[in-house]
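# Everything below, folded, please.
(4 chains)
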Protein chains: 2
Amino acid sequence: MKKRLSISDIAKNLGISVTTVSFILNDKAKEKRISDALTHRVLDYVKKVGYKPNQLAKSLRTGKSKTLGLLVEDISNTFFANIAKQIEQRAYDHGYHILYCSMNNDVNRAKELIQLFHDRQIDGFIIAPTEGLSEVIHNLLKNNVPIVLFDRFIEDLDTNYVVSENKQAAYMGSKYLLDDLKATKVGMLTINSAQTQMRSRLDGYMQAMDELGRDAVIKKIQVDQPDEVTIDLVRDFIVDNKLDAVFFATNYIAIIGLKAIKKYKLSIDKIVSFDDHAIFSLFHTPVTSLAQDIKSISDHIIQILISEINGKSKGYQHIVIPCELKVRN
Amino acid sequence: MKKRLSISDIAKNLGISVTTVSFILNDKAKEKRISDALTHRVLDYVKKVGYKPNQLAKSLRTGKSKTLGLLVEDISNTFFANIAKQIEQRAYDHGYHILYCSMNNDVNRAKELIQLFHDRQIDGFIIAPTEGLSEVIHNLLKNNVPIVLFDRFIEDLDTNYVVSENKQAAYMGSKYLLDDLKATKVGMLTINSAQTQMRSRLDGYMQAMDELGRDAVIKKIQVDQPDEVTIDLVRDFIVDNKLDAVFFATNYIAIIGLKAIKKYKLSIDKIVSFDDHAIFSLFHTPVTSLAQDIKSISDHIIQILISEINGKSKGYQHIVIPCELKVRN
DNA sequence: ATGAATAGGTAAAACCATTTAGCAAACTTA
DNA sequence: TAAGTTTGCTAAATGGTTTTACCTATTCAT
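Model prediction:
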């Protein structure tokens, strides 16, 4: 129940000034010509009594909160959860904490949260941007707030981003179905979204189909409808088009797709999905995946953000990370 | 690039004192006898210029950061990720933010993080405690820091916790295998951990076996070994003991177990697992699960924590939430 | 008419750190 | 020895709030 020590308690107890203690604790003893003897005396005492500076006061004075905001659509999605884990780890190594939140496809909530985070003097933002966030992100940029977008970017917004090599990966996955598995009719299942990563994946699929002169067969599903409805739509899509192969554009869709395949005992056995998932090696017909390099993505995000916070950035960076085709049989 | 407005800017621009503005903004206008006219003038102006109080300064002054710390073993685990999502949502509804981190089975890191969070004036902790954290949590309690443990608790630590009805659920799952599926030999696969939830699940299984006079067959696997090793151990366990049913104590183990079943084409088809997972309905022999009530767990956690922060708690609460048996065929 | 009560506000301290500007003593240099 | 430099340290301002204590002018009761 004893009150926390403040820097002035330390100073008082040692009979010196607060300034001196502050200098010493911030590694400015040499620079500010504090004697070695006093430096050690302070350091020893601080360690002995276990004094820790009040981060709030520090942040208030310096304007740096040593906290980053992570905004994703849904933290319970395995991709985002894994990103979150890596990011948190790396941020911590740099002395930063992560405030996170799920936007849950709610633009207003997202805007409010960004404002809220900004009010909290967050040092930088890591955002998987949803449609409709363009304006509020633009505002942040105008205020010189460090930002890194990931997973997708926003076309008319000039800023840092780290994304996967979506088009190339989708092309690779499609070619795998066509060339290696000799698929005759490959359907693409994606979501009804204009986000860049989705468009790129579509582009990669299209390119592969075009090269071989195959017809593209595409279904865009809506994320807000009940799974049961989507499951039936997927069955119709596969059956009506006589598909012998499918390409799922995200693991979220893939899981629904697999449910349809299982429920209606569809005999399709050439399957590729974006994003890896534990299910893919356990399903009765294994699913080949295009795994995003989560470690590398997280590394780049943090590195870019920290260097921008420290004013060491050299213009906006656009990082594109290759995916790995994980072939399963 | 314009500097943020502060409360004193507002006061100056309106020709009144900072105190008055503060009172009005904190809903104390009536109590402090500020005239309605002035109150509205201030409120209108504040809205017009979009002034937002600096949360750091506020926190520094009040000692409340409106931030909660969430400490889990691994945020990329679906159970924890789902809890995190719910918690974050509910915390937000009460005006709180979540600082989270994964402890990754590293006691020292965990201790350091708790200290770090405490230094940041976190208002309360939500912890899925690992072994070895007893002491540091005890210290927090001594300092009157509000804490809610979840998923498991620590025996010798008197504090709030919210856990699932593990023993009863495990009993129910075991009975389902024995009575409904007529299993003759049911093995229990769990992890090498003394955590309370694991012990309770074991107890529930044991009770069911005891009641029918069956022999308990238990294997504890180590979480730190490579999956391949564990997979082979699981096969040996199932084959050597001629099991026709298994009970997986967590979804983490279940996934490894399913990999073993698939890899070695084991013909076991009576399977129950704690925790639900998308895989369970998609595996070739569906897995019945004991789903934890994540919404209810999160609700209770936040409600207890907030009421303790507000000094409205009536002694430590021990909440035990029932699980749902999700039968699959 | 007088003292008390109330209405409507404000000045200044406090929260806890960082940082700028500067002071006194000791030491150099010419 | 006078002037300049270095050493070693500190007072006070600053960041943006909340909160305590108090002040003045008006209203009310007697």
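# how deep is residue A:104 tucked in, by neighbour count?
For residue A:104, the neighbour count with other Cβ atoms under 10 Å in any protein chain shown is 15. C-beta coordinates here come from the backbone N, C-alpha and C atoms, glycine included.
# surely it meets residue A:74?
Yes - contact criterion Cβ atoms under 8 Å: residue A:104 and residue A:74 qualify, at 6.4 Å.
# CA atoms only for stretch A:79-99 - export them in CSV, please.
Output in CSV follows, covering the C-alpha atoms of stretch A:79-99 (Å, rounded to 0.1, in the frame of the first residue of the first chain):
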residue,chain,number,x,y,z
PHE,A,79,-3.8,-14.9,-39.9
PHE,A,80,-4.2,-11.8,-37.8
ALA,A,81,-3.7,-13.6,-34.5
ASN,A,82,-0.4,-14.9,-35.8
ILE,A,83,0.6,-11.5,-37.1
ALA,A,84,-0.4,-10.0,-33.7
LYS,A,85,1.8,-12.5,-31.9
GLN,A,86,4.8,-11.8,-34.0
ILE,A,87,4.3,-8.0,-33.9
GLU,A,88,3.9,-8.0,-30.2
GLN,A,89,7.1,-9.9,-29.7
ARG,A,90,9.1,-7.7,-31.9
ALA,A,91,7.6,-4.5,-30.6
TYR,A,92,8.5,-5.6,-27.1
ASP,A,93,12.1,-6.1,-28.2
HIS,A,94,12.2,-2.5,-29.2
GLY,A,95,10.6,-1.4,-26.0
TYR,A,96,7.2,-0.8,-27.4
HIS,A,97,3.8,-2.1,-26.3
ILE,A,98,0.8,-2.9,-28.5
LEU,A,99,-2.7,-1.6,-28.1
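# Say whether chain B is contacted by that stretch.
Yes - counting by Cβ under 8 Å from any Cβ of the partner chain, chain B is contacted by stretch A:79-99 at A:81, A:82, A:84, A:85, A:88, A:89, A:92, A:97, A:98, A:99.
# For that stretch, buried residues please.
A:79-92, A:96-99 (16 or more other Cβ atoms under 10 Å in any protein chain shown).
# now swap in stretch A:275-291 and tell me
Buried residues in stretch A:275-291 (16+ other Cβ under 10 Å): A:275-283, A:286-291.
# Filter these down to the ones in strands?
Secondary structure from DSSP state E places A:288, A:289, A:290, A:291 of the buried residues of stretch A:275-291 in strands.
# between the residues you listed, which is closest to residue B:29?
Closest approach between those and residue B:29, by Cβ to Cβ: residue A:291, at 57.4 Å.
# Near DNA strand C, which residues of chain A are found?
Listed as neighbours of DNA strand C in chain A under the rule Cβ under 7 Å from any atom of the strand: A:3-8, A:18-19, A:22-23, A:25-26, A:52-54, A:57-58, A:60-62.
# hang on, the earlier thing: the buried residues of stretch A:79-99 in strands, which ones?
Assigned to strands by DSSP E, the following of the buried residues of stretch A:79-99 qualify: A:97, A:98, A:99.
# out of the buried residues of stretch A:275-291, what pair is the most spread apart?
A:282 and A:290 (17.9 Å).
# can you pull out the strands in the stretch 151-300 of chain A?
Secondary structure of the stretch 151-300 of chain A, counting by DSSP state E, counting those that start in this stretch: strands at A:160-164, A:186-191, A:217-221, A:245-248, A:270-274, A:288-291.
# Just to check, residue A:17 is in contact with residue A:11?
Yes - between residue A:17 and residue A:11 there is a contact at 5.8 Å, judged by Cβ under 8 Å.
# who's more crowded, these two?
Legend: neighbour count by other Cβ under 10 Å for residue A:17 and residue A:11, higher for residue A:11 (17 against 12).
# Helix or strand: which one has that one?
helix A:7-14 (DSSP states H and E).
# likewise residue A:40?
helix A:36-49.
# what about that helix, near DNA strand D?
Yes - Helix A:36-49 comes into contact with DNA strand D (Cβ under 7 Å from any atom of the strand), by way of A:37, A:38.
# What is that helix packed up against?
Helices and strands touching helix A:36-49, by 3 or more Cβ pairs under 8 Å, 6 or more residues apart in numbering or on different chains; DSSP states H and E, are helix A:7-14, helix A:18-25.
# which of the residues in it are buried?
A:39, A:42, A:46.
# any chance of those residues in JSON lines, with pLDDT and distance to residue A:133 too?
Below are those laid out as JSON lines (pLDDT from 0 to 100; distance: Cβ to Cβ, whole Å):
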{"residue": "A:39", "pLDDT": "97", "distance to residue A:133": "48"}
{"residue": "A:42", "pLDDT": "97", "distance to residue A:133": "47"}
{"residue": "A:46", "pLDDT": "97", "distance to residue A:133": "44"}
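# Out of those residues, which is nearest to residue A:259?
residue A:46 (58.9 Å).
# wait, what's in contact with the closest residue to the closest one other than its chain neighbours?
Sequence neighbours aside, residue A:10 is the residue nearest to residue A:46 in space, at 6.3 Å (criterion: Cβ to Cβ, 6 or more residues apart in numbering or on different chains). Shown in contact with residue A:10 (Cβ atoms under 8 Å, 6 or more residues apart in numbering or on different chains): A:21, A:42, A:45, A:46, A:49, A:51.
# give me the residue from the stretch 151-300 of chain A nearest DNA strand C.
residue A:160 (25.6 Å; Cβ to the nearest atom of the strand).
# Which pLDDT does the model give that residue?
On pLDDT, residue A:160 comes in at 98.
# What are the phi and psi values at the closest residue to it other than its chain neighbours?
Distances taken as Cβ to Cβ, 6+ apart put residue A:148 closest to residue A:160, at 4.5 Å, once the chain neighbours are dropped. Dihedral pair for residue A:148: phi -130, psi 120, per degrees, to the nearest 10.
# tell me which residues form a beta bridge with residue A:148?
For residue A:148, the beta-bridge partners are residue A:126, residue A:160 (DSSP bridges).
# isn't it right next to residue A:304, touching?
Yes - with contact defined as Cβ under 8 Å, residue A:148 counts as touching residue A:304 (5.2 Å).
# got any residues that touch both of those two?
Common neighbours of residue A:148 and residue A:304 (Cβ under 8 Å, 6+ apart) are A:160, A:162.
# how about the residues of the stretch 1-150 of chain A that lie near DNA strand D?
A:15-20, A:23, A:32-35, A:37-38, A:57, A:60-61.
# Look up how far residue B:18 lies from the closest residue to residue A:171 other than its chain neighbours.
In space, and not counting its chain neighbours, residue A:171 is closest to residue A:204: 3.8 Å by Cβ to Cβ, 6+ apart. As for residue A:204, its distance to residue B:18 is 59 Å (criterion: Cβ to Cβ, to the nearest Å).
# which of those two has more neighbours?
residue A:204 (26 against 14).
# Residue ranges of each domain in chain A, please.
A:7-53, A:64-164+A:294-321, A:166-291 (automatic domain parsing).
# can you tell me which residues contact residue A:197?
Going by Cβ under 8 Å, 6+ apart, residue A:197 touches A:151, A:152, A:163, A:164, A:166.
# go on, residue A:290?
Neighbouring residues of residue A:290 by Cβ under 8 Å, 6+ apart: A:169, A:170, A:172, A:173, A:272, A:273, A:274, A:275, A:323, A:324, A:325, A:326.
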